[in-house]
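**Student:** Got a predicted structure here, sequence first:
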Amino acid sequence: MTAALIPANGMKKPLLLKKSALQDKGLKLYSYWKLNDGFITAPADTAVHIAFVIEGYGHYGNLKVKAGDVVAFGLNIQPNYLKAYNIAMFIIDLDFTLFYSITGLKPAICRNAILLDSKNPFYRLGQILFPHPVKHWIPNIENFILHTLAKQNHYLNNTMLRVSFATKEIDNERDFSAIAAELTISYRQLQRDFLSVLGLSLKEYQSIRRFYRAAHRLKKESILEVAQNSGYCNQSHMNKEFRSKSGWTPKEVSKHCYY
């Protein structure tokens, strides 16, 4: 589960929000946004996002992005904010393992938004996409991913494989020590693996996943029920965690966040 951006100041819903046909490869979600001036929130997330800037410009902190740029961000424990100026962006969400397989870069590099240069495969994908209408982008993206994986040189090493296994088990709410024992490593080694690959501690990763489980439950349950069923101490604890992860209250996330 990942979240798309949360638009502020009355901005419109995404023009496109679609799951990828390559879920099994780690390519998760497409979203296409045209946004007015204002701040846009990218909540804490365990996915990597690749943004293709089609028009306009904006700032991720001190990083300026403009039309034609390809930006990577994600694996953030606190929300990222984009100051947007009439910007249009097409964003793909992918698992950290797919990001590594395509680029050979440690996913932790994306914790602060970065511009991808001409040596990066996703930059080259942008050069394929930008000349064409957005309606033709998804088949081109999926063909590019499959073709790149077929001739990849970046295979997952033991550390990456351990972290990949552990993230799935954390999603199943297994105890850290039990996961480490199954991997025949110590808890401390597993912690080091997470920090090396994701730039996140085990508890930080777990808290982000809990935030997303709770956010999805808000569609069907009351705020009180979600707090009780998601492992928060109480509703106040959940409110604090939601503000920390997204800058928004549970009610605001339920209303404004698009998945």
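**Tutor:** Right, received. Where do you want to start?

**Student:** List the pairing partners of the strand ranked longest in the chain within its sheet, with orientation.
**Tutor:** Longest strand in the chain by number of residues, with DSSP state E as the criterion: strand 80-94. Its sheet considered, strand 80-94 pairs with strand 27-35 (antiparallel), strand 38-42 (antiparallel), strand 48-60 (antiparallel) by DSSP bridges.

**Student:** Start and end of stretch 39-50, how far apart?
**Tutor:** Stretch 39-50 has an end-to-end distance of 19 Å (criterion: CA to CA, to the nearest Å).

**Student:** Rounded mean pLDDT for it, please.
**Tutor:** Averaged across stretch 39-50, pLDDT comes to 90.

**Student:** buried ones in it?
**Tutor:** 39, 40, 41, 42, 43, 44, 45, 46, 47, 48, 49, 50 (16 or more other CB atoms under 10 Å). Just so you know, the C-beta spots here come from the backbone N, C-alpha and C atoms, and that holds for glycine as well.

**Student:** go on, stretch 23-35?
**Tutor:** 25, 26, 27, 28, 29, 30, 31, 32, 33, 34, 35.

**Student:** Roughly how far does the nearest residue to residue 19 once chain neighbours are set aside sit from residue 21?
**Tutor:** Distances taken as CB to CB, 6 or more residues apart in numbering place residue 29 nearest to residue 19, at 5.9 Å, with adjacent residues excluded. Distance, residue 29 to residue 21, by CB to CB, to the nearest Å: 11 Å.

**Student:** can you check residue 224 too?
**Tutor:** From residue 224 over to residue 21 the distance is 38 Å, taken as CB to CB.

**Student:** Do a quick rundown of the helices in the chain.
**Tutor:** Counting by DSSP state H, the chain has helices at residues 96-103, 121-129, 137-150, 158-171, 176-182, 187-197, 202-217, 223-229, 235-246, 250-256.

**Student:** Relative to residue 166, how far out is the residue lying closest to residue 104 once chain neighbours are set aside?
**Tutor:** Distances taken as CB to CB, 6+ apart place residue 154 nearest to residue 104, at 4.0 Å, with adjacent residues excluded. Separation of residue 154 from residue 166 (CB to CB): 20 Å.

**Student:** more neighbours, these two?
**Tutor:** Neighbours per residue, other CB atoms under 10 Å: of residue 154 and residue 166, the larger number sits with residue 166, 23 against 16.

**Student:** pLDDT below threshold where in the chain?
**Tutor:** By pLDDT under 70, the weakly predicted segments of the chain are 1-12, 256-259.

**Student:** which residue of it sits farthest from its center?
**Tutor:** residue 184 (29.0 Å; CA atoms, centre = their mean).
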